[in-house]
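Enquirer: Provided below for reference: sequence and predicted model.
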Amino acid sequence: MYVELLESALEEWVDGADNVDLVDHALMCRTKMLTASRSGANAYSALAAEVSYDRSLIKLAQGFDIEVKVADFSNPGQERRRLERALANAGVDLSALARHQRS
(Lines give C-alpha, C1' and ligand atoms only; values in the text may rest on other atoms or scores of the structure.)
Protein backbone atom coordinates (compact mmCIF):
# COMPACT_ATOMS: atom_id res chain seq x y z
CA MET A 1 0.00 0.00 0.00
CA TYR A 2 2.79 2.45 0.90
CA VAL A 3 4.49 1.88 -2.46
CA GLU A 4 1.26 2.74 -4.28
CA LEU A 5 0.86 5.95 -2.29
CA LEU A 6 4.45 6.90 -3.03
CA GLU A 7 4.07 6.13 -6.74
CA SER A 8 0.99 8.35 -6.86
CA ALA A 9 2.84 11.18 -5.11
CA LEU A 10 5.72 10.86 -7.56
CA GLU A 11 3.34 11.22 -10.51
CA GLU A 12 2.41 14.67 -9.18
CA TRP A 13 6.04 15.82 -8.93
CA VAL A 14 7.02 18.61 -11.32
CA ASP A 15 10.57 18.10 -12.56
CA GLY A 16 12.99 20.92 -13.15
CA ALA A 17 14.50 21.64 -9.75
CA ASP A 18 18.27 21.65 -9.47
CA ASN A 19 20.13 19.67 -6.83
CA VAL A 20 20.40 22.65 -4.48
CA ASP A 21 16.62 23.11 -4.50
CA LEU A 22 16.15 19.35 -4.08
CA VAL A 23 18.43 19.33 -1.02
CA ASP A 24 16.52 22.24 0.52
CA HIS A 25 13.19 20.54 -0.17
CA ALA A 26 14.40 17.22 1.22
CA LEU A 27 15.63 18.93 4.41
CA MET A 28 12.27 20.65 4.88
CA CYS A 29 10.36 17.39 4.31
CA ARG A 30 12.72 15.49 6.61
CA THR A 31 12.14 17.99 9.40
CA LYS A 32 8.36 17.71 8.99
CA MET A 33 8.55 13.92 9.01
CA LEU A 34 10.67 13.79 12.16
CA THR A 35 8.52 16.39 13.89
CA ALA A 36 5.34 14.49 13.05
CA SER A 37 6.70 11.24 14.41
CA ARG A 38 8.00 12.83 17.62
CA SER A 39 4.95 14.96 18.30
CA GLY A 40 2.47 12.12 18.11
CA ALA A 41 0.70 13.61 15.09
CA ASN A 42 -2.29 11.71 13.84
CA ALA A 43 -1.62 8.79 11.51
CA TYR A 44 -2.70 10.66 8.37
CA SER A 45 -0.37 13.58 9.04
CA ALA A 46 2.53 11.27 9.87
CA LEU A 47 1.93 9.21 6.72
CA ALA A 48 1.73 12.32 4.55
CA ALA A 49 5.00 13.60 6.01
CA GLU A 50 6.72 10.26 5.32
CA VAL A 51 5.47 10.14 1.72
CA SER A 52 6.60 13.73 1.13
CA TYR A 53 10.05 13.03 2.49
CA ASP A 54 10.45 9.79 0.58
CA ARG A 55 9.33 11.46 -2.64
CA SER A 56 11.89 14.23 -2.16
CA LEU A 57 14.55 11.68 -1.20
CA ILE A 58 13.90 9.72 -4.40
CA LYS A 59 14.16 12.83 -6.57
CA LEU A 60 17.32 13.95 -4.80
CA ALA A 61 18.92 10.52 -5.18
CA GLN A 62 18.05 10.49 -8.87
CA GLY A 63 19.67 13.92 -9.19
CA PHE A 64 22.90 12.33 -7.96
CA ASP A 65 22.51 9.29 -10.23
CA ILE A 66 21.79 6.96 -7.32
CA GLU A 67 19.69 3.97 -8.32
CA VAL A 68 16.23 4.07 -6.83
CA LYS A 69 13.30 1.69 -7.19
CA VAL A 70 10.01 2.75 -5.70
CA ALA A 71 9.22 -0.92 -5.05
CA ASP A 72 12.10 -0.97 -2.54
CA PHE A 73 9.98 1.29 -0.33
CA SER A 74 7.95 -1.75 0.70
CA ASN A 75 10.18 -1.33 3.76
CA PRO A 76 10.33 2.49 3.86
CA GLY A 77 12.64 2.88 6.84
CA GLN A 78 15.25 0.56 5.40
CA GLU A 79 15.17 2.13 1.94
CA ARG A 80 15.19 5.62 3.45
CA ARG A 81 18.37 4.79 5.40
CA ARG A 82 20.00 3.26 2.30
CA LEU A 83 19.34 6.36 0.23
CA GLU A 84 20.48 8.68 3.02
CA ARG A 85 23.77 6.72 3.26
CA ALA A 86 24.21 6.76 -0.52
CA LEU A 87 23.61 10.52 -0.57
CA ALA A 88 26.07 11.03 2.30
CA ASN A 89 28.65 9.05 0.31
CA ALA A 90 27.94 11.39 -2.62
CA GLY A 91 28.60 14.42 -0.38
CA VAL A 92 25.05 15.24 0.74
CA ASP A 93 24.72 14.28 4.38
CA LEU A 94 21.15 15.28 5.20
CA SER A 95 21.59 14.65 8.94
CA ALA A 96 24.65 16.90 9.11
CA LEU A 97 22.98 19.57 7.00
CA ALA A 98 19.91 19.51 9.26
CA ARG A 99 22.10 19.88 12.36
CA HIS A 100 23.89 22.80 10.72
CA GLN A 101 20.58 24.49 9.92
CA ARG A 102 19.45 24.24 13.54
CA SER A 103 22.63 25.83 14.89
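Expert: That came through, no problem. Numbers count the residues shown, from 1 in each chain.
Enquirer: which element, helix or strand, includes A49?
Expert: For A49, the element it lies in under DSSP states H and E is helix 43-63.
Enquirer: identify the residues contacting that helix?
Expert: Outside helix 43-63, the residues that touch it by C-beta atoms under 8 Å, 6 or more residues apart in numbering are 2, 5-6, 9-10, 13, 17-19, 22-23, 25-26, 29-30, 32-33, 35-37, 41, 67-68, 70, 73, 76, 79-80, 83-84, 86-87, 92. (Glycine included, C-beta is placed from N, CA and C.)
Enquirer: now do stretch 1-17
Expert: For stretch 1-17, contacts defined as C-beta under 8 Å, 6+ apart pick out 25, 47, 51-52, 54-55, 58-59, 70-71, 73-74, 76.
Enquirer: and which of the residues you listed is nearest to R102?
Expert: Using C-beta to C-beta, H25 is the member of the contacts of stretch 1-17 that sits closest to R102, with 17.3 Å.
Enquirer: just the buried ones out of the contacts of helix 43-63, please.
Expert: Among the contacts of helix 43-63, the ones that count as buried by 16 or more other C-beta atoms under 10 Å are 5-6, 9, 17, 22-23, 25-26, 29-30, 32-33, 36, 41, 68, 70, 73, 76, 79-80, 83-84, 87, 92.
Enquirer: related to what we said a few turns ago, which is the next helix or strand following the helix holding A49?
Expert: The element immediately downstream of helix 43-63 (helix or strand, assigned by DSSP H and E) is helix 76-89.
Enquirer: what's the most distant pair in the contacts of stretch 1-17?
Expert: Based on C-beta to C-beta, the longest span within the contacts of stretch 1-17 runs between H25 and S74 and measures 23.9 Å.
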